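A.B. asks: Got a sequence here, can you model it:
(one chain, ligands or ions: 1)
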Amino acid sequence: MVLAQLGGSISRALQQMSNATIIDEKVLSECLNEISRALLQADVQFKMVRDMQSNIKRIVNLDDLAAGHNKRRIIQQAIFNELCKMLDPGKPSFTPKKGKTSVIMFVGLQGSGKTTTCTKYAYYHQKKGWKPALVCADTFRAGAFDQLKQNATKAKIPFYGSYTESDPVKIAVEGVDRFKQENCDLIIVDTSGRHKQEAALFEEMRQVSEATKPDLVIFVMDSSIGQAAFDQAQAFKQSVAVGAVIVTKMDGHAKGGGALSAVAATKSPVIFIGTGEHMDEFEVFDVKPFVSRLLGMGDWSGFMDKIHEVVPTDQQPELLQKLSEGSFTLRLMYEQFQNILKMGPIGQVFSMLPGFSAELMPKGHEKESQAKIKRYIHMMDSMTNAELDSTNPKLMNESRIMRIARGSGRPVRDVMDMFEEYKRLAKIWSKMKGLKIPKKGEMSALSRNMNAQHMSKVLPPHMLKQIGGMGGLQSLMKQMGSKDMMGGMGGLGGMFGGDR
Ligand SMILES: Nc1nc2c(ncn2[C@@H]2O[C@H](COP(=O)(O)OP(=O)(O)OP(=O)(O)O)[C@@H](O)[C@H]2O)c(=O)[nH]1
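C.D. replies: Presented below is the predicted three-dimensional model:
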């Protein structure tokens, strides 16, 4: 089961439970069984699921539920906490510092996405002003050096490797030394993989690690390996000092539950996830926003961060203003599509909205979406200013539709399809109505002193209701802690322009 479906199944189980008039042991057990089934299908390890179930039973007080508290929210919070606990090993991984040399070694099985991920990791840091470099110590797979070279050249990242040298330790040491001399602050060592776990691979990892003394060893894991994740991660951890995990291919039909197992096996946090083959399809992994998105609770800070990332700075205040008004025009769709073509699929942005789990915005169809967006933009080029700026769907009568189809050389069906998409997005957009945007000067002060009172003023009323009113918001904030609040599930931190 892919993670998006997991979120959907959990939400449905919770909904069914909260529909019951009386919540007793039996109803709670049924709900938890349903959730456990969903987790097992998502390849979460059996022991972890069993522990989670008994923890929730211990924590959730049935008397509280009987007393008319928001049942769904209490249980949802307990599940939220348990899933977060599973994904949070309790200590952060080594964090490299810009300007100070760090050696990062990547390990993982062949095909896990290691080489691709090394480049993504380098590129991610390069965009933030680091000076990364790549060393190809994979002498096992023919073509590995060419692949790294190609990726590195595309991203303009210095690289080191050899077509003739067969000793990975020698190459790793030479590469690291060279880039230390060149004052690179992030030296990334890509190592060999094997199709399966085998002694020779682990011995090689041990030797490369001993020779290069990495500050951090990152274990790269394909998210679709399922229940094998725990053993695989543990085997690597026993050979080298794995300190962090990157889970790749989360865009496909990933059984993402393996990520939880990898954390448990290595006692190391997931730091990034790979969401596609391209260089920038790479996301920082934060436990709380991830779990909250998984449960369809939305990820406010991620959503706002995405807006900051996708939308050019000068357009942001205007966009936020329009968001708060909830009115969505075709011109806005046109502008956003242009931004999205530059950045990434719209689903990525909207899946972060509360109530819009990834289930509604399927991933894995990026190419089709991009082509569609280009078609839409082309058709919108044949529209008048009045049409683009109108919020009245009735304006688009038959003759206008025919004219747009003729003007853009597209079938009428495509124009209709575009309007359907517009209506769908306008509906999502309207959910944001009432979002209060703080004035510029208030932003950093608010982000420092965020409390439930402030937040209740910012949230649209229906969303506040969804969270469980002022009481729900208060306990949510208490539960997440004021520090985590800024980056967490309800955390509107990103919204206030930083100061985190
Ligand atoms: N869809 C998707 N594909 C990915 C992702 N990360 C890597 N890939 C693809 O997975 C395949 C294997 O990736 P590589 O980087 O060659 O794998 P590797 O682990 O370095 O393999 P070895 O060098 O043989 O150990 C390639 O086709 C990548 O494009 C991801 O996040 N999403």
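
A.B. asks: Tell me where the stretch 151-300 of the chain has strands.
C.D. replies: 159-160, 186-191, 216-222, 242-248, 270-274, 282-284 (DSSP state E, counting those that start in this stretch).

A.B. asks: Mind listing residues that contact the shortest one?
C.D. replies: I take that to be strand 159-160. With Cβ atoms under 8 Å, 6 or more residues apart in numbering as the test, strand 159-160 has contacts from 133-136, 148-149, 152-153, 171, 174-175, 178-179. Quick note: C-beta positions are derived from backbone N, CA and C, even for glycine.

A.B. asks: In the sheet, which strands lie alongside it, parallel or antiparallel?
C.D. replies: Paired strands of strand 159-160, with direction, are strand 132-137 (parallel) (DSSP bridges).

A.B. asks: For the stretch 51-200 of the chain, list the residues in contact with the ligand, please.
C.D. replies: 108, 110-116, 138, 141, 144, 147, 193 (Cβ under 6 Å from any ligand atom).

A.B. asks: tell me the contacts of the closest residue to F285 other than its chain neighbours?
C.D. replies: Leaving aside its sequence neighbours, F285 sits nearest to V270 (Cβ to Cβ, 6 or more residues apart in numbering; 4.6 Å). Counting by Cβ under 8 Å, 6+ apart, V270 makes contact with 87, 244-247, 259, 262-263, 285, 287.

A.B. asks: do the same with R400
C.D. replies: Going by Cβ under 8 Å, 6+ apart, R400 touches E387.

A.B. asks: Can you lay out the strands of the stretch 151-300 of the chain as CSV showing mean pLDDT?
C.D. replies: Formatted as CSV, the strands of the stretch 151-300 of the chain follow (pLDDT from 0 to 100):
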stretch, mean pLDDT
strand 159-160, 94
strand 186-191, 96
strand 216-222, 95
strand 242-248, 93
strand 270-274, 92
strand 282-284, 88
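
A.B. asks: Comparing those, which comes out most buried?
C.D. replies: Across the strands of the stretch 151-300 of the chain, the average number of neighbours (mean count of other Cβ atoms under 10 Å) peaks for strand 186-191, which reaches a mean of 30.

A.B. asks: so what secondary structure elements neighbour it?
C.D. replies: Judged by 3 or more Cβ pairs under 8 Å, 6 or more residues apart in numbering; DSSP states H and E, strand 186-191 is in contact with strand 102-107, helix 114-127, strand 132-137, helix 168-181, helix 199-212.

A.B. asks: before we move on, back to that, mind checking which of the contacts of strand 159-160 are buried?
C.D. replies: Buried subset of the contacts of strand 159-160 (neighbour count, 16 or more other Cβ atoms under 10 Å): 133-136, 148-149, 152, 171, 174-175, 179.

A.B. asks: List the buried residues in the helix or strand that contains E421.
C.D. replies: Secondary structure from DSSP states H and E places E421 in helix 412-430. Residues 414-415, 417-419, 421-422, 425-426, 428-429 are the ones in helix 412-430 that count as buried (16+ other Cβ under 10 Å).

A.B. asks: tell me the least confident of those residues?
C.D. replies: Lowest pLDDT of these: I428, 66.

A.B. asks: elements contacting the helix or strand in which E387 is found?
C.D. replies: Using DSSP H and E, E387 sits within helix 385-389. Packed against helix 385-389 by the contact rule (3+ Cβ pairs under 8 Å, 6+ apart) you find helix 330-343.

A.B. asks: contacting residues around the closest residue to the ligand within the stretch 201-350 of the chain?
C.D. replies: In the stretch 201-350 of the chain, no residue comes nearer to the ligand than G274, which is 2.6 Å away by Cβ to the nearest ligand atom. With contact taken as Cβ under 8 Å, 6+ apart, G274 is in contact with 113, 116-117, 120, 246-251, 281-282.

A.B. asks: Now do the helices in the stretch 251-400 of the chain.
C.D. replies: Assigned by DSSP state H, counting those that start in this stretch, the helices in the stretch 251-400 of the chain fall at 257-266, 287-294, 300-310, 316-325, 330-343, 346-350, 366-380, 385-389, 398-408.

A.B. asks: With respect to these, which exhibits the lowest mean confidence?
C.D. replies: helix 346-350 (a mean of 53).

A.B. asks: Which residues does the residue nearest to F285 form beta bridges with?
C.D. replies: V270 has the following beta-bridge partners by DSSP bridges: V245.

A.B. asks: Closest to K322 out of the buried residues of helix 412-430?
C.D. replies: Among the buried residues of helix 412-430, W429 lies closest to K322 (Cβ to Cβ), at 8.3 Å.

A.B. asks: Which stretches in the stretch 1-150 of the chain count as helices?
C.D. replies: 3-19, 25-41, 46-59, 62-66, 71-87, 114-127, 144-154.

A.B. asks: To V208, which of those helices lies closest?
C.D. replies: helix 114-127 (13.0 Å).

A.B. asks: pLDDT averaged over the closest one - what is it?
C.D. replies: For helix 114-127, the per-residue pLDDT averages 94.

A.B. asks: Return the list of helices and strands in contact with that helix.
C.D. replies: Other elements packing on helix 114-127 under the criterion 3+ Cβ pairs under 8 Å, 6+ apart are strand 102-107, strand 132-137, helix 144-154, strand 186-191, strand 216-222, strand 242-248, strand 270-274, strand 282-284.
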